[in-house]
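Chemist: any chance you can model this:
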Amino acid sequence: MKRKRRTRLLSLFLGLSLALSPAVRALTPEQAGDLLDVYYIDDVPEEVLEQSTISGMLEALGDPYTQYFTPEEYALFSSSLSDTELVGIGISSLITGEGLLIQRVYEDTPAASGGLQAGDLITAVDGTDIAGQDGDTMTGLLQGEPGTQVAVTYLRDGESTTVSLTRAAITIPTAYTELWDGHIGYIDCDTFGGETVEHFTDGLETYGDQADRWIVDLRGNGGGVVDAAIGAVSTFSGSGLLAYLKDSDGSYGAFGSNDEALTTAPVIVLADENTASASELFASDVRDTGVGIVIGSRSFGKGVAQIVLDENSLPGYFDDGDAMKITTYRFYAPGGGTTDTVGVIPHLLVDPDLADEVAVLLCSPAPEGSTEGYLRLDFNRVWYISLEQASSPEYQAAFTALLEALPVGVTLQSGTGGSWADVEPAAVAGDCGLTGYQSRGFSDTADSPYAALIDRLAAYGIVSGSGDGTYNPEGSLTRAELCALLAKALNCRVPTGESRFTDVSMDDWYGMCVNAVAALGLVEGVGGGRFNPDGTVTQQELITIAARLGQRLGMRLELAARDIPDGAADGAAYQSYASWARESVWLLAESQTGLLGNTISLLWAPLEDIDPGAPATRAEAAALTCSLLTYLGILPS
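Modeler: Residues are numbered from 1 along each chain as shown. As a prediction, this is how the structure comes out:
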């Protein structure tokens, strides 16, 4: 059953076409430069401040999240974070070639009074056939003045029905809740705004006694207000630390909640590539607090937060209804890892279109009596899968995706009647006749001491091997291959323009990766404008680059790098390393400590067993990357 699709359209969408023309801007370029200099998260280049217009400054800055708003634009931006009032019939729908497929009928609306249901296909409005029409035309026919009549023709089970509805002003909430299958609480959240926490609270209080599992759908949720995300997630996590925000001075502030959880039931978050900003904070909080898991695709990677300056906060700068939004903070999850660029990697990496069905499979009630016919999955919480449901034609694709996505090390068990026995995903797929099942592992890693770490990265799409099912773990690592690994780990944006290196073309298979990773400052050229993509990476070079990655992604390593003790890397074990590599080696080998004060090394082998000048292998690179990402909380565990 398809609960929600990634592309949705409110059929009562108000077709605003505001002419956001360049009106007289109250803020001067000089004032904008002052604000950027004070509030922007990173140093502002001089070329930005030298621009003669605000638009030129923002273009030179290159930050899509720092914006100037005219009064009209600011009003539109502010309204996007609140419950939306529209005129229509009260449905959420999907545009198809045959008409509007109803995804949701909102309560106390004309559509609800007229008996419309999710799954109905609207084929005509006021006698006009809408099949093949564009989305604006379809929804425009449903719009009108409050109190006017509209005839809606729909198909249900092959039978056509026409009903007359009275258009009304309707409030579309930023989040709504319903009960699935009598025991699964489902919250669909489209943005985090002023009313969102109240919607979460109302939903949990309404269905809390019936729901033993919760699904929070953040697919397509572009973010919103950080406080709203923290308040919403605390309804599941309860009181505690939920975020760190780093400002332009490099100082970290801790944020959390004092509220108690409204449920102890586990939660599943659904994410896709458009899950961003505050939504990513919500998802990473669920991951780090252990109250549930995330399912879907990797999220967008907007790990920065903005402040909005307007006439209320700075009346001397804004007095005409205009405003400026400036990137001021980089946020980190409770585990210390950021979502900036890297996004949130879900526990189960599956097609977002299947994420809701995978979640439903994991929400099966615990078996009563015999365990036969059930699977048990221990992944952050305990989940049960009914094999009867999973093997049905409706769920086979989702079940296959679930089994393929299980990373190495996660316990999967099959019910034997009175107990449970460990089982491999491939065996389950074979027993259930899932002919489309394909393992994400490699055929040549079993004998590697790092096999589990390599296969773990494969499960999350960070390593892809040679294309023939092999990984070549003992092969030497080239500079181009390392950049490809880092680009996938970071989920780098695709760079544009010319290559910064004369011996790397943007058309080369590694061209985009090399330039993206170089732009982040993780790798450098070899001089003379060259990169030497086919050159091998030494073990000390690998460690140095991994240390840079760790500082970019993790608060703990970034803080450790700020204050390296004098002589920390002067010991005998460091003497074989080049002077430029020693502090990076210390950072990964000795800077981190556990709860008991024990030293945590992130390296793939003891320091004295590593040959600094020897070529690094593909297995060693994967092992170091996996250990680092897991320690930082970027890879779920």
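Chemist: counting contacts, what elements does the lengthiest strand in the chain pack onto?
Modeler: When the chain is parsed with DSSP state E, its longest strand is strand 323-332. Contacts defined by 3 or more CB pairs under 8 Å, 6 or more residues apart in numbering; DSSP states H and E place strand 323-332 against helix 29-39, strand 67-69, helix 71-79, strand 240-246, strand 304-309. All C-beta spots, glycine's among them, are computed from the backbone N, C-alpha and C.
Chemist: what packs against the second one?
Modeler: By that I understand strand 67-69. Using 3+ CB pairs under 8 Å, 6+ apart, the elements in contact with strand 67-69 are helix 54-61, strand 323-332.
Chemist: do the same with the fourth one
Modeler: Helices and strands in packing contact with strand 240-246 are listed as helix 226-237, strand 252-257, helix 278-289, strand 323-332; criterion 3+ CB pairs under 8 Å, 6+ apart.
Chemist: ok, which stretches of the stretch 251-400 of the chain are strands?
Modeler: For the stretch 251-400 of the chain, the strands defined by DSSP state E, counting those that start in this stretch occupy 252-257, 267-271, 292-296, 304-309, 323-332, 348-349, 374-379, 381-386.
Chemist: with adjacent residues omitted, what lies nearest to residue 44?
Modeler: Leaving aside its sequence neighbours, residue 44 sits nearest to residue 36 (CB to CB, 6 or more residues apart in numbering; 5.0 Å).
Chemist: can you give me the neighbour number for the one you found?
Modeler: By the measure other CB atoms under 10 Å, the count of residues near residue 36 is 21.
Chemist: got a list of what it touches?
Modeler: 44, 48, 49, 57, 61, 66, 326 (CB atoms under 8 Å, 6 or more residues apart in numbering).
Chemist: and those residues as a markdown table, adding neighbour count, pLDDT and distance to residue 601?
Modeler: Listed next are these as a markdown table, based on neighbours: other CB atoms under 10 Å; pLDDT from 0 to 100; distance: CB to CB, whole Å:
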| residue | neighbour count | pLDDT | distance to residue 601 |
| --- | --- | --- | --- |
| 44 | 19 | 92 | 38 |
| 48 | 21 | 94 | 41 |
| 49 | 17 | 93 | 44 |
| 57 | 21 | 94 | 45 |
| 61 | 20 | 92 | 40 |
| 66 | 22 | 93 | 39 |
| 326 | 22 | 93 | 40 |
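Chemist: which one of those is nearest residue 149?
Modeler: Using CB to CB, residue 66 comes nearest to residue 149 of those, at 46.9 Å.
Chemist: just give the closest residue to residue 574, not the sequence neighbours.
Modeler: Closest to residue 574 by CB to CB, 6+ apart is residue 582, at 4.9 Å.
Chemist: so what's residue 554 closest to, chain neighbours aside?
Modeler: The nearest residue in space to residue 554 (CB to CB, 6+ apart) is residue 632, at 4.0 Å.
Chemist: give me the pLDDT for the one you found.
Modeler: The model reports residue 632 with a pLDDT of 95.
Chemist: got it, and residue 1?
Modeler: 39.
Chemist: residue 203 is in contact with residue 175, isn't it?
Modeler: Yes - contact criterion CB atoms under 8 Å: residue 203 and residue 175 qualify, at 7.4 Å.
Chemist: which neighbours do these two share?
Modeler: Listed as contacting both residue 203 and residue 175 by CB under 8 Å, 6+ apart are residue 187.
Chemist: find the helix or strand that residue 457 is a member of.
Modeler: Element membership of residue 457, judged by DSSP states H and E, is helix 451-459.
Chemist: show me what counts as buried in that helix.
Modeler: For helix 451-459, the neighbour count (16 or more other CB atoms under 10 Å) marks 451, 453, 454, 455, 456, 457, 458, 459 as buried.
Chemist: which residues does the fourth one contact?
Modeler: When contacts are counted by CB under 8 Å, 6+ apart, residue 455 is found next to 407, 408, 440, 441, 442, 445.
Chemist: quick check: what element follows the helix holding residue 457 along the chain?
Modeler: Next in sequence after helix 451-459, counting helices and strands by DSSP H and E, comes helix 479-490.
Chemist: what's that next one in contact with?
Modeler: Here helix 479-490 makes contact (CB under 8 Å, 6+ apart) with 341-342, 461-464, 492, 504, 508-510, 512-514, 516-518, 520, 522-523, 531-537, 542, 545, 549, 553, 618, 621-622, 625, 629.
Chemist: now the angle from the helix holding residue 457 to helix 479-490?
Modeler: Between the axes of helix 451-459 and helix 479-490, defined by axes from the mean of the first three to the mean of the last three CA atoms, to 10 degrees, the angle is 70 degrees.
Chemist: low pLDDT regions in this protein?
Modeler: Where the chain drops to pLDDT under 70, the residues are 1-25, 79-86.
Chemist: domain parsing for it?
Modeler: Recorded structural domains for the chain (assignment: automatic domain parsing) are 9-15+84-172, 175-303+338-348, 364-431, 451-631.
Chemist: pick the most buried one from these.
Modeler: Most buried of these, by mean neighbour count (mean count of other CB atoms under 10 Å): domain 175-303+338-348, with a mean of 22.
Chemist: how long is it end to end?
Modeler: Distance between the boundary residues of domain 175-303+338-348 (CA to CA, to the nearest Å) amounts to 24 Å.
Chemist: and stretch 599-608, by the same measure?
Modeler: First residue to last in stretch 599-608 (CA to CA) measures 15 Å.
Chemist: burial measure for residue 78, as a count.
Modeler: Around residue 78 there are 15 residues (other CB under 10 Å).
Chemist: now do the same contact list for it.
Modeler: Contact analysis of residue 78 by CB under 8 Å, 6+ apart lists nothing.
Chemist: gap between it and residue 189?
Modeler: To residue 189, residue 78 is 19 Å away according to CB to CB, to the nearest Å.
Chemist: residue 443 too?
Modeler: From residue 443 over to residue 189 the distance is 42 Å, taken as CB to CB.
Chemist: just to revisit the earlier point, deepest of the helices and strands packed on strand 67-69, which one?
Modeler: Sort the helices and strands packed on strand 67-69 by mean neighbour count, taking mean count of other CB under 10 Å, and strand 323-332 sits at the top with a mean of 23.
Chemist: so what touches that one?
Modeler: With CB under 8 Å, 6+ apart, strand 323-332 has contacts from 27, 32, 35-36, 39-41, 63, 65-69, 74, 77, 226, 243-248, 252, 281, 303-311, 318, 338-340, 554-555.
Chemist: next, the angle strand 252-257 makes with that strand.
Modeler: Put simply, strand 323-332 runs at 90 degrees to strand 252-257, going by the same axes, to 10 degrees.
Chemist: and the angle from strand 323-332 to helix 29-39?
Modeler: Angle, strand 323-332 to helix 29-39, by the same axes, to 10 degrees: 20 degrees.
Chemist: gap between strand 323-332 and the chain center?
Modeler: Distance of strand 323-332 from the chain centroid (CA atoms, centre = their mean, to the nearest Å) equals 18 Å.
Chemist: mind saving the C-alpha coords of it as CSV?
Modeler: Output of strand 323-332 as CSV, limited to C-alpha atoms (Å, rounded to 0.1, in the frame of the first residue of the first chain):
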residue,chain,number,x,y,z
ALA,A,323,14.6,41.6,6.3
MET,A,324,17.9,39.7,5.9
LYS,A,325,18.5,36.0,6.5
ILE,A,326,22.1,35.2,7.3
THR,A,327,23.8,31.8,7.9
THR,A,328,25.1,32.2,11.4
TYR,A,329,25.4,28.7,12.9
ARG,A,330,26.6,25.2,12.0
PHE,A,331,24.7,22.6,13.9
TYR,A,332,25.8,19.2,15.3
